[in-house]
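Trainee: sequence unknown, structure follows:
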Ligand code: AHG
């Protein structure tokens, strides 16, 4: 597993460099060396593919940027699903973006997830890695990721990060979100799942929601590339991750790009989501 974490760290440093120096949005243009310049998300995808390809124990990778999984080593053990640059549309307005990784033993199924990880590219680069034991925060300093601390959620937080378009929300969802605000929760929503969830994790708790709504009945966020990795992290940090009625980790995607409604947070907020949504069944 260490070798996978090291490959993710190397990818993160390369992606950070690409974010810092590359032009944005000039896909198919040629750079001064005559090479095709790739959009950052495609470039990030290629960087991660290249780093993971060096590891014999990686069996298959699946990327949010690719339609199908790609087998790397027939005799490998690990299956890794990743979103190379989540929220890449935020780069041009200079908001934080991130990379997300889910690591599975033998098959892309949530019950076989053994570790997950994300990287936030903000004013600083931070990496969060969760395995069976704990959730660890690392900070990139002078070209190396240094361990900072373990992340644990409080039972209750103060942040409300409501995703999706309000005009399409179910009335009971809107009432629930309003009721959190009425009790003093503060709005924190950048439109990047990685920094928005990172904030909730580091500030001790709160609620992030991306519900099913009339425009997107199955939500927007992809189970394999976005929802499961964060669900693993929130659960290991003492929080919860549900689809409205049950743990998101109990859902099985039929296709690698399937989405699911999702709610991440500390215990109190998620228990409230479950109780509100149960009343609608
Ligand atoms: P994209 O990678 O297409 O920019 O999407 C980002 C994702 C996720 O990071 C974020 O939480 C969500 O989309 C925001 O969606 P809304 O703007 O619909 O709230």
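Mentor: Perfect, I can see it now. On a predicted model such as this, the values are computed, not experimentally measured, just so you know.
Trainee: OK, contacts around the residue in the chain that the ligand sits nearest to?
Mentor: Residue nearest to the ligand within the chain (CB to the nearest ligand atom): residue 193, separated by 3.2 Å. All C-beta spots, glycine's among them, are computed from the backbone N, C-alpha and C. Shown in contact with residue 193 (CB atoms under 8 Å, 6 or more residues apart in numbering): 86-87, 98, 100, 163, 208, 210, 221, 226, 230.
Trainee: Return the residues of the protein in contact with the ligand.
Mentor: Residues of the chain found near the ligand (CB under 6 Å from any ligand atom) are 86-89, 163-164, 191-193, 220.
Trainee: Can you name every helix or strand that the strand or helix carrying residue 59 contacts?
Mentor: Per DSSP states H and E: residue 59 is located in strand 58-63. Here strand 58-63 touches helix 40-53, strand 70-71, strand 78-86, going by 3 or more CB pairs under 8 Å, 6 or more residues apart in numbering; DSSP states H and E.
Trainee: Off-centre distance for it?
Mentor: Put simply, strand 58-63 sits 17 Å off its chain's centre (CA atoms, centre = their mean, to the nearest Å).
Trainee: and what of stretch 175-185?
Mentor: Counting by CA atoms, centre = their mean, stretch 175-185 is centred 25 Å from the centre of its parent chain.
Trainee: contact partners of that stretch?
Mentor: For stretch 175-185, using CB under 8 Å, 6+ apart, the contacting residues are 157-160, 162, 169, 187, 206-207, 209, 269, 272-273, 276.
Trainee: That one - what's its average pLDDT?
Mentor: The average pLDDT within stretch 175-185 is 98.
Trainee: So which bits of stretch 268-281 are buried?
Mentor: Buried residues in stretch 268-281, defined by neighbour count with 16 or more other CB atoms under 10 Å: 268-270, 272-274, 276-277.
Trainee: Please apply the same query to stretch 153-165.
Mentor: Neighbour-count burial for stretch 153-165 flags 153, 156-164 (criterion: 16+ other CB under 10 Å).
Trainee: Next, the contact list for residue 3, please.
Mentor: 55, 57.
Trainee: and it, helix, strand or coil?
Mentor: helix (DSSP: H, G, I helix; E, B strand; the rest coil).
Trainee: what's near enough to touch residue 15?
Mentor: 43-44, 47-48, 84-85, 99, 119, 121.
Trainee: So in the chain, where's the weakest helix or strand by average pLDDT?
Mentor: Lowest by mean pLDDT, DSSP states H and E among the helices and strands of the chain is strand 29-30, with a mean of 47.
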